[in-house]
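[1] Mind folding the following:
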Amino acid sequence: GGYWQLFTAMFVHVDIVHLLGNMLFLLIFGLRAEELFKPVEYILIYLLSGLAGNLLTLLFGPSMVSAGASGAIFGIFGACIIYLRRAFGQSIIGALFYAFFLLMISAGQGVNNLAHFGGVVVGLMLGYAIAGGRKQKTVYKYSYSFVMRLLLWKC
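    Predicted structure coming up:
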């Protein structure tokens, strides 16, 4: 049937609160991702994570309504945290813990947990793969920029 909905569900929201919530988290994680990833990588992470979340929903929760960018945003989050851990030569266990923690605090009734899970898993895999080809110096520059922006925002 309407397999195009696997793609379009990322751009449809239930109401204005849903849209604003997604945009807030996209702002938080998206700004970080823009510093870490090339534009093509960013778009691929976003779209593939969103598609994975929606596909998981279709396979394991076919009666669930899937709307919103949460799966894609969880993918951006997963890609960022594992990218930073791997690029600095640190254990990825911490990144997996953060991803699990975010999944747990966002779980609830009326929430598409399958989309969140599918998105974060694909984001973790893509971030891990991308980090393997990067130099630590580049990541350090981006991390410094992020910290400075965060400090200025808090002032």
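[2] use CA for all of it now, contacts and neighbours both
    Will do.
[3] So which residues of this protein form helices?
    5-8, 16-36, 39-60, 70-87, 93-106, 113-131, 136-154 (DSSP state H).
[4] So which of those helices is the most surrounded?
    Each of the helices of the chain was scored by mean neighbour count; the highest is helix 70-87, a mean of 28, by mean count of other Cα atoms under 10 Å.
[5] for that helix, packing partners?
    Under the contact criterion of 3 or more Cα pairs under 8 Å, 6 or more residues apart in numbering; DSSP states H and E, helix 70-87 touches helix 16-36, helix 39-60, helix 93-106, helix 113-131, helix 136-154.
[6] Let me have these in JSON lines, extended by mean pLDDT and distance to residue 74.
    Formatted as JSON lines, the helices and strands packed on helix 70-87 follow (pLDDT from 0 to 100; distance: least, Cα to Cα, whole Å):
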{"stretch": "helix 16-36", "mean pLDDT": "93", "distance to residue 74": "9"}
{"stretch": "helix 39-60", "mean pLDDT": "96", "distance to residue 74": "8"}
{"stretch": "helix 93-106", "mean pLDDT": "82", "distance to residue 74": "8"}
{"stretch": "helix 113-131", "mean pLDDT": "94", "distance to residue 74": "5"}
{"stretch": "helix 136-154", "mean pLDDT": "55", "distance to residue 74": "19"}
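[7] So for residue 68, which of these sits nearest?
    With Cα to Cα as the measure, helix 16-36 is the member of those nearest residue 68 (7.3 Å).
[8] Check which helices and strands the closest one is in contact with.
    Counting by 3+ Cα pairs under 8 Å, 6+ apart, helix 16-36 packs on helix 70-87, helix 136-154.
[9] what's the offset of the shortest one from the middle of its chain?
    This points to helix 70-87. Taking Cα atoms, centre = their mean, to the nearest Å, one finds the center of helix 70-87 at 5 Å from the center of the full chain.
[10] State the mean pLDDT of that helix.
    Per-residue pLDDT over helix 70-87 has a mean of 93.
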